[in-house]
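**Student:** Predicted model follows, preceded by the sequence.
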Amino acid sequence: MVDASRAYGRGICRGVADYAERHEDWLILPHERPELNELPDWLRKSRVDGFIAYIPNRKLHHRISALGVPVVDVHGRCRASDIPVIESDARVIASMALRFFIKSGFQHLAYCGYPSVFFSDQREEAFRLQTDPLKRGAHIYAPPSHAQVGEDLYQFEKGTVTHEAALATWLRSLPKPVGLLACNDIRGQQIINACRESEIRVPEEVAVLGVDNDEIICRLCRPTLSTIEPDVESIGRLAGELMAAQFSGHSVEASYQVPPRRVVERRSTDVVVASHPLVVNAARLIRDRDCAEVSVDQVCEAVGTSRSTLDKLFLTHLGRSVAGEMTRIRVQRSQGLLQSSDLPLTEIARRCGFSSATYFCRFFKRMTGQTPDSYRQTWRDNSHSSEG
């Protein structure tokens, strides 16, 4: 009983399927309705040996528990001592976001979620606790009382346009530039839309980072949304392992935290923040040109300084040289083109500033551990699996 309407739930289903493929005696009966508040009639009448489920409230918990079979909760809202819970580790999500923003040079940090929604509150608390030692105040969005989420997150998300005025007011009040973590990709999309309506530039003034890596949502945003990718397949596989352990009579822990996989960079965070204007101008030139047809010497000439001076400034403010920043942008751009287009490697090489496809392929494999063709195929295989 997992909500498969979102990428997070679909990933859990893939993980369960991976585990079940190695156990031929398993028969999976999926129930994928987004609003999982009741046990369906067909399920009550079936001989079910166990549940892997979203358990959003006490009512459903009591009804599932009354069946007397093993249960694994992959949701986390309704905790109970008799049911193990598996969820994404909020502390690591916050840590990953903060490292990403600090590495990009942000002094101002913000978080925007859905107050009273359990996973959002967990991520907010982790974000707040980890910004305190950095001596950087965390700006936390607090919606007006009439805009509280309540029990039904889906309905709130659908009607959020009516609350966008308060969100836009808060975004305008933030010190700029600011790195902003949204509790999930839907919230990130809403933030980008509110910035657009308020003529706040993304990412130059507000760099937005979501959570979930729901590719459809992220690519529909303008600019496209960067995000933290949770390891949902591992959650699904672990759910299968815990279910099998309970079938065998073994005891299991009450709570399991699965760390996210990585930050997936897209346009909503494609900015470098630094206090020195030469670093800002040079980084913007590299980004805007996508490193194509521009050398380090040309960047230095454009901003009016020597290579040694600019390298020192980049190392001080960004922790990498000018060439290192160009390498980072080239890898990011080439990955984006491989993911989103059928362009031949010769054209991708040209757009990313390489003299030949052969040189590009050697560079890409050295930096990522994969050939461009292998990276493209792996990405598409994963995307098709998600869509399925």
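**Tutor:** Good, I have the coordinates.
**Student:** all strands of the stretch 51-200 of the chain, in order?
**Tutor:** Applying DSSP state E, counting those that start in this stretch to the stretch 51-200 of the chain gives strands spanning 51-53, 71-73, 85-88, 108-112, 138-140, 178-182.
**Student:** Now for Arg320: which residues touch it?
**Tutor:** For Arg320, the contacting residues are 314, 328, taking Cβ atoms under 8 Å, 6 or more residues apart in numbering as the criterion. (Each C-beta comes from the backbone N, C-alpha and C, glycine too.)
**Student:** try it again with 7 Å
**Tutor:** Residues in contact with Arg320 (Cβ atoms under 7 Å, 6 or more residues apart in numbering) are Phe314.
**Student:** what about it, which SS state?
**Tutor:** Recorded secondary structure, Arg320: coil (DSSP: H, G, I helix; E, B strand; the rest coil).
**Student:** I figured Pro56 was touching Gly76, is that so?
**Tutor:** No - the pair Pro56 / Gly76 is not scored as a contact, 9.6 Å apart, by Cβ atoms under 7 Å.
**Student:** before we move on, back to that, tell me which of the strands of the stretch 51-200 of the chain sits most buried.
**Tutor:** Of all these, strand 178-182 carries the top mean neighbour count, a mean of 27, counting by mean count of other Cβ atoms under 10 Å.
**Student:** who does that strand pair up with?
**Tutor:** strand 108-112 (parallel), strand 206-211 (parallel) (DSSP bridges).
**Student:** Present those as JSON lines; the columns should include distance to Ile102 and mean pLDDT.
**Tutor:** Shown next, in JSON lines, are the strands paired with strand 178-182 (distance: least, Cβ to Cβ, whole Å; pLDDT from 0 to 100):
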{"stretch": "strand 108-112", "distance to Ile102": "8", "mean pLDDT": "95"}
{"stretch": "strand 206-211", "distance to Ile102": "12", "mean pLDDT": "96"}
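**Student:** Just tell me which of those ends up closest to Ser173.
**Tutor:** strand 108-112 (10.2 Å; Cβ to Cβ).
**Student:** Give me the contact list for the closest one.
**Tutor:** Contacts of strand 108-112 (Cβ under 7 Å, 6+ apart): 98, 101, 124, 127, 131, 136, 138-141, 174-175, 177-182, 187, 191.
**Student:** Next: stretch 90-103.
**Tutor:** Counting by Cβ under 7 Å, 6+ apart, residues outside stretch 90-103 touching it are 109, 122-123, 126-127, 130-131, 179, 181, 209, 211, 228, 259-260, 263, 319.
**Student:** List just the nearest of these to Asn281.
**Tutor:** Gly319 (18.4 Å).
**Student:** For the closest one, grab the count of nearby residues.
**Tutor:** 12 (other Cβ atoms under 10 Å).
**Student:** Disregarding residues adjacent in the polypeptide, which is nearest to it?
**Tutor:** Lys103 (6.9 Å; Cβ to Cβ, 6 or more residues apart in numbering).
**Student:** Start and end of stretch 218-227, how far apart?
**Tutor:** 8 Å (Cα to Cα, to the nearest Å).
**Student:** Could you pull up phi and psi at the spatially most central residue of the chain?
**Tutor:** Taking Cα atoms, centre = their mean as the criterion, Ile228 is the residue nearest the geometric centre of the chain, at 2.3 Å. Taking degrees, to the nearest 10, you get phi -100, psi 130 for the backbone angles of Ile228.
**Student:** Let the chain start at 264 from now.
**Tutor:** New numbering, starting at 264: the last item is Ile491.
**Student:** dump the residue contacts of it.
**Tutor:** 356, 359-360, 472, 474, 523, 526.
**Student:** pull the CA atoms of stretch 582-598 into PDB?
**Tutor:** Taking Å, rounded to 0.1, in the frame of the first residue of the first chain, the C-alpha atoms of stretch 582-598 are listed here in PDB:
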ATOM      1  CA  GLY A 582      37.900  26.200  -3.100                       C
ATOM      2  CA  ARG A 583      38.800  25.500  -6.700                       C
ATOM      3  CA  SER A 584      40.800  27.100  -9.500                       C
ATOM      4  CA  VAL A 585      39.300  28.800 -12.600                       C
ATOM      5  CA  ALA A 586      40.100  25.700 -14.600                       C
ATOM      6  CA  GLY A 587      38.400  23.600 -11.800                       C
ATOM      7  CA  GLU A 588      35.300  25.700 -12.100                       C
ATOM      8  CA  MET A 589      35.300  25.200 -15.900                       C
ATOM      9  CA  THR A 590      35.700  21.500 -15.500                       C
ATOM     10  CA  ARG A 591      32.700  21.400 -13.100                       C
ATOM     11  CA  ILE A 592      30.500  23.300 -15.500                       C
ATOM     12  CA  ARG A 593      31.600  21.200 -18.400                       C
ATOM     13  CA  VAL A 594      30.700  17.900 -16.600                       C
ATOM     14  CA  GLN A 595      27.400  19.400 -15.500                       C
ATOM     15  CA  ARG A 596      26.500  20.700 -18.900                       C
ATOM     16  CA  SER A 597      27.500  17.500 -20.800                       C
ATOM     17  CA  GLN A 598      25.500  15.400 -18.300                       C
END
